[in-house]
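> Sequence plus predicted model, see below.
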Amino acid sequence: MKISFVAGFGPIVRDPDQSRGFWQRDLGMTLEEAAPSYVTNDDLEGVRAFALWPLTHAAEATFGTDTWPADLPVPTTSHPLSPEGILVGIACTPWMHEPTTDGPITES
C-alpha cells in the first residue's frame, strides 16, 4: 500500500471540553467548532483534517443512540486499534486526490 498523506486524525473523546483544553490550550492547536461539541482543524501541515469526535457522536453514528453500549469496550467501531492504543480509520477518499490520467483510484 502506498500512503500519500494522512487524510485525517480524530480521537474519540469522552469529555469534549477536557480534550479541547488539552489540544488547544496545552498544545496550542487552533480548533473551531464545526458542530456542537465537534471541533476541527483542517489546516495542519501533513494532515488533511483533525477533529475531536465526542463519544456520544461516535455512538450515534455507529449505534443510532448517543449512549455507548455498556457491553462493548470504548471505543469500538469498524476501525482497527493500533498497538499504541490509537483508533485508526482506513478509507479510500478519491475526492481528496488530484485526478490522474493513469486510471481511477482504487483500494489496495
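Structure's in. What do you need? Numbering: from 1, shown residues only.
> Go ahead and name everything in contact with whichever strand or helix holds Glu33.
In the assignment (DSSP states H and E), Glu33 maps to strand 32-35. With contacts defined as CB atoms under 8 Å, 6 or more residues apart in numbering, strand 32-35 is touched by 39-41, 51. Bear in mind the C-beta positions are built from the backbone N, C-alpha and C, glycine included.
> let's see 6 Å
The contact list for strand 32-35 (CB atoms under 6 Å, 6 or more residues apart in numbering) reads 39-40.
> send the alpha carbons of it over as PDB?
This file holds the C-alpha atoms of strand 32-35, laid out as PDB (Å, rounded to 0.1, in the frame of the first residue of the first chain):
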ATOM      1  CA  GLU A  32     -13.000  25.600  15.500                       C
ATOM      2  CA  GLU A  33     -16.400  24.200  16.500                       C
ATOM      3  CA  ALA A  34     -17.900  22.700  13.300                       C
ATOM      4  CA  ALA A  35     -20.900  21.200  15.100                       C
END
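> mind listing what's buried in it?
By 16 or more other CB atoms under 10 Å, strand 32-35 has no buried positions at all.
> Any stretches of this structure with poor pLDDT?
Along the chain, segments meeting pLDDT under 70 span 1-5, 75, 77-108.
> Now for Glu60, how many residues are close by?
14 (other CB atoms under 10 Å).
> my hunch is that it is in a helix, does that hold up?
Yes. Counting by DSSP: H, G, I helix; E, B strand; the rest coil, Glu60 is part of a helix.
> Name the secondary structure element that contains Val74.
Using DSSP H and E, Val74 falls outside every helix and strand.
> Nearest spatial neighbour of Leu31, chain-adjacent residues omitted?
Distances taken as CB to CB, 6 or more residues apart in numbering put Val39 closest to Leu31, at 4.1 Å, once the chain neighbours are dropped.
> what's the answer for Glu60, then?
That would be Asp66: by CB to CB, 6+ apart, it lies 5.1 Å from Glu60.
> do the same with Gln24
Leaving aside its sequence neighbours, Gln24 is closest to Leu31 (4.9 Å, by CB to CB, 6+ apart).
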